[in-house]
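Student: I would like the atomic coordinates for the input below:
(one chain, ligands or ions: 2)
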Amino acid sequence: MKIIKNSLEGIKVAAEILKDNGVVAFPTETVYGLGANACSKEAVTKVYTIKKRPSFNPLIIHVSSYEMAKEYGVFNDLAKKLTQKYWPGPLTIVVEKKKSDIVEAATASLETIALRCPSNIIALDLIRELNKPIAAPSANISGRLTCTNPEDVSGKLKSRIDALVDGGKSELGLESTVVDCSVETPCILRLGNITVEEINSSLGYKIVPNFQTESRVKSPGQLLKHYSPDAELYLNQNQPSAGDIFLSFGPHPKAIDGLTLSESRNLEEAAKNLFTFLHTLDRLSKARGGVPIKVASIPSNGVGAAINDRLQRAAEK
Ligand code: TXA
Ligand code: MG
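Tutor: Ligands and ions are numbered 1, 2, ... in the order given. From the prediction side, this is the model:
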């Protein structure tokens, strides 16, 4: 795996690898993505193989502008409003798919397509340089912990991918909010930094979460068990004992191994740290023979709802 520094030259090198049907991990403002040219069957197939992702689980198609997105999806009133407000940014919309040169495998042959215009400048430059949309799931093995820094991507994927563009730690730390605009009653398929309250108050729409479970395959990525570390996770643990590994919220208790998601109980900071700290504590657990990780309770207001969503799936056995 080639490590590419963030520079004009670096973006060109990464885009060349994508043009040659390679797979490149790259930063977005949410989490790292595992990118392929969405119009190359060979490249998209590689992404599914590298991630060990079932072929029925579609990828998000990343575009560099609204104009580019319109070539691939049908924008109804809601999709227009949402993207005007939140693009570029951590919002993915599911809309009716247009016929295009995006390969069927990228959208799992569905009649809908998930589109996102990221705000991260490296991601945008890479799409522009490729001059094609980038199909990119999160850069991790399917069902396992998401990666929000280049070290974790490299640790988990270096033997499987062609290159990694180093963009430092992800700014937000949680995957994008996914809104399904393709159905009569629009719904939120995945929580993220843009909260349900924010969407509903800014748009005057009443969009409700509708999370999918294994029995419903509308958004097949949203399985109950997801984001799994190797270690067992126990949630809502506020009284750690000596010898525990503890992921706290607020000041970290003295003499207990672990980390705090946010000393000052700031939920945005907690979101940004969540996956990086879970990777770190997972390694610590391994080094200590599989000691489980205890996690403090996190308030569910604001982005706390998305943090709890990830933690619950990560703790699922
Ligand atoms: O922040 C993000 O969204 C990151 C970065 C790299 O952009 N990407 C990401 O991709 O989280 P992934 O593949 O880990 O999650 C995409 C989710 C999955 O749950 C998938 O099932 C769902 O989006 N999805 C994709 N296309 C869909 C569609 N047509 N209808 C419903 N759900 C869809
Ligand atoms: Mg993912």
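Student: So which residues on this protein come close to ligand 1?
Tutor: 28, 30-31, 33, 57-60, 92, 94, 107, 110, 112-114, 116, 136-138, 175-176, 178, 189-190, 218-222 (CB under 6 Å from any ligand atom). C-beta here means a position set from N, CA and C on the backbone, and glycine is covered the same way.
Student: Going by neighbour count, which residues of stretch 45-64 are buried?
Tutor: Neighbour counts over stretch 45-64 (16 or more other CB atoms under 10 Å) mark 45-48, 50-51, 53, 57-64 as buried.
Student: show me where pLDDT drops low in the stretch 201-317 of the chain?
Tutor: Scanning the stretch 201-317 of the chain with the threshold set as pLDDT under 70 gives 212-223.
Student: ok, which stretches of the stretch 201-317 of the chain are helices?
Tutor: 267-287, 304-315 (DSSP state H, counting those that start in this stretch).
Student: got the angle for the longest one vs helix 304-315?
Tutor: Think helix 267-287. Computed by axes from the mean of the first three to the mean of the last three CA atoms, to 10 degrees, the angle separating helix 267-287 from helix 304-315 equals 10 degrees.
Student: now the strands for the stretch 151-300 of the chain?
Tutor: 163-166, 177-180, 187-190, 208-209, 233-234, 245-248, 257-260, 293-295 (DSSP state E, counting those that start in this stretch).
Student: the domain parsing of the protein - what is it?
Tutor: 2-209, 233-315 (automatic domain parsing).
Student: gap between the longest one and the chain center?
Tutor: Taking CA atoms, centre = their mean, to the nearest Å, the mean C-alpha location of domain 2-209 is offset from the chain mean by 8 Å.
Student: repeat for stretch 294-302
Tutor: On CA atoms, centre = their mean, the centre of stretch 294-302 falls 20 Å from that of its chain.
Student: related to what we said a few turns ago, comparing the domains of the chain, which comes out most buried?
Tutor: domain 2-209 (a mean of 20; mean count of other CB atoms under 10 Å).
Student: Next, the distance between the ends of that domain.
Tutor: With CA to CA, to the nearest Å as the measure, the ends of domain 2-209 fall 40 Å from one another.
Student: Mind naming the longest strand for the chain?
Tutor: strand 91-97 (DSSP state E).
Student: So what touches that one?
Tutor: Contact with strand 91-97 is made by 60, 72-76, 79, 82-83, 107, 110-116, 176-182, 189-190, 192, 194, 219, as judged by CB atoms under 8 Å, 6 or more residues apart in numbering.
Student: ok, back up a step: out of the buried residues of stretch 45-64, list just those in helices.
Tutor: Thr45, Lys46, Val47, Tyr48, Ile50, Lys51 (DSSP state H).
Student: Next up, the contacts around the last one.
Tutor: Meaning Lys51. Counting by CB under 8 Å, 6+ apart, the residues that Lys51 touches are Leu34, Pro137, Asn140, Ile141, Ser142.
Student: For it, give me the pLDDT.
Tutor: You'll see Lys51 listed with a pLDDT of 96.
Student: now swap in the second one and tell me
Tutor: Listed pLDDT for Lys46 reads 98.
Student: I'd say it and Val23 touch.
Tutor: Yes. Counting by CB atoms under 8 Å, Val23 is a contact partner of Lys46 at 5.1 Å.
Student: ok so, going back, average pLDDT for the longest strand of the chain?
Tutor: 98.
Student: Take the helices of the stretch 201-317 of the chain and lay them out in a markdown table including distance to Lys158.
Tutor: As requested, those are exported to a markdown table (distance: least, CB to CB, whole Å):
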| stretch | distance to Lys158 |
| --- | --- |
| helix 267-287 | 14 |
| helix 304-315 | 23 |
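Student: right, and those - which one's nearest Asp125?
Tutor: Across those, Asp125 has its closest neighbour in helix 267-287 (22.4 Å, CB to CB).
Student: Just the CA atoms of the closest one, as PDB, please.
Tutor: Presented in PDB, the C-alpha positions along helix 267-287 are these (Å, rounded to 0.1, in the frame of the first residue of the first chain):
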ATOM      1  CA  LEU A 267     -20.800  15.400  22.400                       C
ATOM      2  CA  GLU A 268     -19.200  16.600  19.200                       C
ATOM      3  CA  GLU A 269     -15.800  15.900  20.700                       C
ATOM      4  CA  ALA A 270     -17.000  12.500  21.800                       C
ATOM      5  CA  ALA A 271     -18.300  11.700  18.300                       C
ATOM      6  CA  LYS A 272     -14.900  12.700  16.800                       C
ATOM      7  CA  ASN A 273     -13.000  10.500  19.300                       C
ATOM      8  CA  LEU A 274     -15.400   7.500  19.300                       C
ATOM      9  CA  PHE A 275     -14.000   5.100  16.700                       C
ATOM     10  CA  THR A 276     -10.300   6.100  17.200                       C
ATOM     11  CA  PHE A 277     -10.700   5.400  21.000                       C
ATOM     12  CA  LEU A 278     -12.500   2.100  20.400                       C
ATOM     13  CA  HIS A 279      -9.700   1.000  18.200                       C
ATOM     14  CA  THR A 280      -7.100   2.000  20.800                       C
ATOM     15  CA  LEU A 281      -9.000   0.300  23.700                       C
ATOM     16  CA  ASP A 282      -9.600  -2.800  21.500                       C
ATOM     17  CA  ARG A 283      -5.800  -3.100  21.100                       C
ATOM     18  CA  LEU A 284      -5.400  -2.600  24.800                       C
ATOM     19  CA  SER A 285      -8.000  -5.300  25.500                       C
ATOM     20  CA  LYS A 286      -6.100  -7.700  23.200                       C
ATOM     21  CA  ALA A 287      -2.900  -7.000  24.900                       C
END
